[in-house]
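# Got a sequence here, can you model it:
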Amino acid sequence: MSAEEYLGRSRLFRDLKRGPHGQLIERYAARLVVVGLARHGTWRCLNVVGGLLSWMASRRCALAALDERMVDQYLGHRAGRQSIQPGDRSALRRWLAVLCDAGAIAPSAPPPLTPHDQIFAEFADYLRRERGLAPKSIVRHLPTIRRFLHEVCLAGADDLGKIRQEDVIRYIERHAQDWSPKTGKVMCWSVRAFLRYLHHMGLHPASLADCVPSMRRWKLATLPTYLSGAQVQKALDGCDRTTVMGRRDYAILMLLAKLGLRADEVATLTLDDIDWRAGELRVRAKGRQRARMPMPPDVGTAIVAYLRNGRPKSSSRRMFVRTLAPHIGFASGSAITWIAKTALDRAFIGGCAHRGANIFRHSLATELLRSGATLSEIGQLLRQESHDTTRMYAKVDIEALRTLSLPWPGGAQ
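Okay, here's the model as predicted:
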């Protein structure tokens, strides 16, 4: 039963409408219909809001005084009497948004920035204006810079000019082995960018970027992780296409396995990116690039099955949306990675060093190479600018490499 059908029969909804805030309750109910909640979710939202209004009435609190702090107090009170479900806080935030739109309460003031948050906000503005970085690239600097400031610059902006070369080197040495070599290099990249910013803006007299040690990481030192054709098919067959979620996940996995799309590229696909007449797909690739790709018939069939019999009604133009309300697009490629990992777990496919969306991309490249495709053709399909990135797939063709190997000195071992 949909939210609209439930509201037409709900006694709880009628009772709340007869209360002192009936018009606001009707606005809230209209919001629930737009969100697309099912019967139980709609009932739960109305129940939580009704409980909040009763609690405020018992304490003689005016509706205009309602804010996030009072919501937290009510949830604490409610938790002492019954369990709090994950959607309860979202239901009350939705109620606050309705009240704010109606002018019944004042807009909530943004939380004050900490000294470190203020420093990063100014650094982010510099990266956006001076360096032209995309928002996603800027956010990746945040964890490293926040940790660096917490350990090296405790007093905030007052200590920026007092950072010493020894402090930088010790910080890198402390955290050099916290993660993989690749992540360590990213850490050094973030610290260098921040130190260059300090010197460029006159916040530090010396250019300390050159004192950041380099982390050694051999290129092409490892084999790419990939699945066999049978394993890829097993992961695809594991999707239950009789269900809404199964049809969605199958279409996503087909895009990963047959076209080699990245997780972010799948997450950002919109309904307007498909040219059905030309049989093409427009992809938002890395580096703010746009690429047009041919859409194989089996991939198109999977997408059509999802759009016709799986995609919930939604105002979002994203192709793939959440199956649970609110039916909106995924926030990032992390959800696509999770879907890919779940498919591997469901098919009992193990022994992979990396489990996620990229393993399907590597598997496609490996299969194409073994089928006779050239590295240049594979690079074009995968939209890789660097030939070195594509060249790593040559290492998986062991039989072809045997013809190039030299005899072992002293005979076979």
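
# show me where the stretch 201-350 of the chain has strands.
274-275, 280-284, 290-294 (DSSP state E, counting those that start in this stretch).

# With respect to burial, which of the ones you listed scores highest?
strand 280-284 (a mean of 18; mean count of other Cβ atoms under 10 Å). C-betas here are computed from N, CA, C, even on glycine.

# Adjacent strands (with direction) for it?
The pairing partners recorded for strand 280-284 under DSSP bridges are strand 274-275 (antiparallel), strand 290-294 (antiparallel).

# ok, residues contacting it?
The contact list for strand 280-284 (Cβ atoms under 8 Å, 6 or more residues apart in numbering) reads 259, 261, 264-265, 268-269, 273-275, 290-295, 383.

# try 7 Å
Here strand 280-284 makes contact (Cβ atoms under 7 Å, 6 or more residues apart in numbering) with 261, 265, 268, 273-274, 290-295.

# coming back round to it: redo the strands of the stretch 201-350 of the chain as TSV? Include distance to residue 187 and mean pLDDT.
TSV is the format used below for the strands of the stretch 201-350 of the chain (distance: least, Cβ to Cβ, whole Å; pLDDT from 0 to 100):
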stretch	distance to residue 187	mean pLDDT
strand 274-275	39	92
strand 280-284	27	90
strand 290-294	31	87
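
# Tell me which of those strands lies nearest to residue 141.
Between residue 141 and those, the tightest spacing by Cβ to Cβ is seen for strand 280-284, at 21.7 Å.

# Please report how far residue 269 lies from residue 278.
Computed as Cβ to Cβ, to the nearest Å, the residue 269 to residue 278 distance reads 16 Å.

# If you count surrounding residues, which of those two has more?
residue 269 (22 against 10; other Cβ atoms under 10 Å).

# pretty sure that one contacts residue 319?
Yes - using Cβ atoms under 7 Å, residue 269 is in contact with residue 319, at 4.4 Å.

# coming back round to it: quick one: closest of the strands of the stretch 201-350 of the chain to residue 127.
strand 280-284 (20.6 Å).

# hey, C-alpha coordinates of the closest one in CSV?
Provided in CSV are the C-alpha atoms of strand 280-284 (Å, rounded to 0.1, in the frame of the first residue of the first chain):
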residue,chain,number,x,y,z
GLU,A,280,24.7,4.8,-27.4
LEU,A,281,25.4,5.8,-23.8
ARG,A,282,26.9,9.0,-22.6
VAL,A,283,29.3,8.6,-19.8
ARG,A,284,30.7,11.2,-17.3
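
# gap between stretch 26-41 and the chain center?
26 Å (Cα atoms, centre = their mean, to the nearest Å).

# Need the residues that contact it.
1-4, 6-7, 13, 17, 42, 45, 49, 87, 94-95, 98, 102, 312-314, 325-327.

# got it, and stretch 52-70?
Contacts for stretch 52-70 (Cβ under 7 Å, 6+ apart): 21, 74, 77, 92, 99, 104-105, 108.

# So among these, which ones count as buried?
Buried members of these, scored by 16 or more other Cβ atoms under 10 Å, are 21, 74, 92, 99, 104-105.

# and the gap between the residue nearest to residue 49 when sequence neighbours are not counted and residue 251?
Spatial nearest neighbour of residue 49, excluding adjacent residues (Cβ to Cβ, 6 or more residues apart in numbering): residue 95 at 5.0 Å. Here residue 95 is placed at a distance of 35 Å from residue 251 (Cβ to Cβ).

# got it, and residue 90?
Relative to residue 251, and taking Cβ to Cβ, residue 90 is found at 27 Å.

# Same drill for these two, tell me which one is more crowded.
Set residue 90 next to residue 251 and count neighbours by other Cβ under 10 Å: residue 251 wins out with 25 against 15.

# so where's this structure shaky on pLDDT?
For the chain, the stretches flagged by pLDDT under 70 are 1-2, 155, 217-224, 287, 353, 385-406, 408, 410-413.

# What about residue 250, how many residues nearby?
Counted with other Cβ under 10 Å, residue 250 comes out at 22.

# need the contact list for it.
236, 239, 241, 302.

# Make JSON lines from the residues you listed and add distance to residue 61 to it.
Below are those laid out as JSON lines (distance: Cβ to Cβ, whole Å):
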{"residue": "236", "distance to residue 61": "55"}
{"residue": "239", "distance to residue 61": "50"}
{"residue": "241", "distance to residue 61": "51"}
{"residue": "302", "distance to residue 61": "53"}
